[in-house]
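got a structure for you, letters missing:
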C-alpha cells in the first residue's frame, strides 16, 4: 500500500510467478499529498493521512471508504494502529490523538507549544506480558523520544461522540480515471476547517511516562516488536539507528550492598564517604574517582552526569582518535 503526491492511495498485488507488482485498487478521498498510512490485517482496517490534515479510515478487505475523522490542526505526520485494541493513533504537529476502531475520539493531547517538538514518528509497544494496554512512543523533531500511557479518567464524563461533516459512504469503488481524485458524495467544497478536538470532553487521557534524548536530529522512524516487548529501534535524519533494550530500572548498576570499597582507589566506604554510581558503566566509586561528567544521551540524560575516571578516560581517548 503506497501513498503519493497525487493524493491517491494505491493498493498493489504481488505476482510471485512473474515477480511483478500490479495495481489492485486506487483509493480516492484526500486532496493533497499522502504523508502517513497504517494497516492492520487483524482488524481489517487501513488508515491514511495527508497534507490536507485529513485522516480517512478504509475497509482493508473491501478497499472501501468507511469514515473521515475530524480535521486535524496540521498535516498528518504519523499514524499507527494498536494490535491489542484496534485504537488508532494520529499525530499532527505537536498533537497526539487516540481514536477507537470506529473513529470516536478517546483523547487528544498537545505535547508542547514549541514547533521543535513536532512529532515525526509514532509506534506502539506492549506495556507488559500481562497487560492489555499499549505504550505510545513518539519521535520528535529535536531528537526526543517520549513514552505515553493511555489512562481512564474516572472524574470525566463519557467520551463525546464526534461526527465530522459530509462523511459519505461508498457502495462500489469508482472506475479508475486519471482525472478522478475525490470520493463520490464528497464535493471539493466540503468544509475543511479545523475541528476543535481539544475542546471535546473525553473519558481518557495521556500521561507522559518517560522521555529520552538519544538523537541529535529528528527521529523519523520508530519500530517496536510485538514478539519481544524489550526491544525497540529508532532512526534519525542523519541515518543513525539506535537499538534499545527497554528495562524498568537501571539494571546494569551495581547494588550498594555488593561493594565495600571504591573500584579504583580501593577507599573503604564508611559513614562519611558516600557511594557514587557511574552513570555509564554502573560501577560504584568514591567522590574523588567519579568527579568528571559526561553527556550520555544514549541513556536518556540530556545534561552531563557523573561518570567514573575509567569511563571518562575511555571517552576522551575515543574523541581524540575521531
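Alright, I've got the coordinates. Predicted, not measured: the structure shown is a model, and the values here were computed from it.

Work out for me the element residue 12 sits within.
strand 9-15 (DSSP states H and E).

now do residue 58
strand 55-59.

Give the next helix or strand downstream of that strand.
strand 64-68.

Give the rounded mean pLDDT of that following strand.
Throughout strand 64-68, pLDDT has a mean value of 95.

what helices or strands is that strand leaning on?
Packed against strand 64-68 by the contact rule (3 or more CB pairs under 8 Å, 6 or more residues apart in numbering; DSSP states H and E) you find strand 55-59. For every residue, glycine as well, the C-beta is placed using N, CA and C.

can you state the direction angle for the strand it packs on and strand 9-15?
Angle, strand 55-59 to strand 9-15, by axes from the mean of the first three to the mean of the last three CA atoms, to 10 degrees: 40 degrees.

number of nearby residues for residue 111?
21 (other CB atoms under 10 Å).

Please enumerate the strands of the stretch 1-150 of the chain.
2-3, 9-15, 20-27, 34-40, 45-50, 55-59, 64-68, 76-81, 88-92, 95-99, 105-110, 119-126, 134-140, 144-152 (DSSP state E, counting those that start in this stretch).

closest to residue 209 out of the ones you listed?
strand 144-152 (4.6 Å; CB to CB).

now for that closest one, which elements pack on it?
Using 3+ CB pairs under 8 Å, 6+ apart: strand 144-152 touches strand 105-110, strand 134-140, strand 204-213, strand 219-224.

where in the stretch 101-250 of the chain is pLDDT low?
127-133, 153-203, 227-229, 246-250 (pLDDT under 70).

Go again with 90.
By pLDDT under 90, the weakly predicted segments of the stretch 101-250 of the chain are 111-116, 125-135, 147, 149-214, 216, 224-232, 243-250.

How about the strand holding residue 12, which residues are buried there?
9, 10, 11 (16 or more other CB atoms under 10 Å).

Could you pull up the contacting residues of the first one?
Yep, that's residue 9 we're talking about. The contact partners of residue 9, by CB atoms under 8 Å, 6 or more residues apart in numbering, come to 1-3, 26-30, 34, 37, 46, 48, 58.

Also the second one?
Residue 10 sits next to 1, 2, 3, 4, 23, 25, 26, 27 when contact means CB under 8 Å, 6+ apart.

can you count the residues close to residue 224?
Neighbour tally, residue 224, other CB under 10 Å: 21.

With residue 47 instead?
Neighbours around residue 47, by other CB under 10 Å: 26.

That one contacts residue 39, doesn't it?
Yes - the pair residue 47 / residue 39 is scored as a contact, 7.5 Å apart, by CB atoms under 8 Å.

ok, back up a step: which of the helices and strands packed on strand 144-152 sits most buried?
strand 134-140 (a mean of 24; mean count of other CB atoms under 10 Å).

Mind listing the strands it pairs with, and their directions?
Paired neighbours of strand 134-140 in the sheet (DSSP bridges): strand 119-126 (antiparallel), strand 144-152 (antiparallel).

between those, which one is nearest to residue 224?
strand 119-126 (4.2 Å).

Show residues contacting the closest one.
Contacts of strand 119-126 (CB under 8 Å, 6+ apart): 77-84, 89, 91-96, 111, 134-141, 218-224, 226, 229, 232, 234, 246.

where does stretch 261-279 sit relative to the chain's centre, distance-wise?
40 Å (CA atoms, centre = their mean, to the nearest Å).

Now it: buried residues?
In stretch 261-279, counting by 16+ other CB under 10 Å, buried: 262, 263, 275, 276, 277, 278, 279.

Tell me which of those fall in helices.
In helices, defined here by DSSP state H, there are no members of those.

So for stretch 88-98, first residue to last residue, what's the gap.
6 Å (CA to CA, to the nearest Å).

chain center to stretch 307-322: distance?
33 Å.

Skip the chain neighbours and tell me the closest residue to the residue nearest the centre of the chain.
The chain has residue 122 as the residue nearest its centroid, 1.9 Å off, counting by CA atoms, centre = their mean. Nearest non-adjacent residue to residue 122, counting by CB to CB, 6 or more residues apart in numbering: residue 78, 4.1 Å away.
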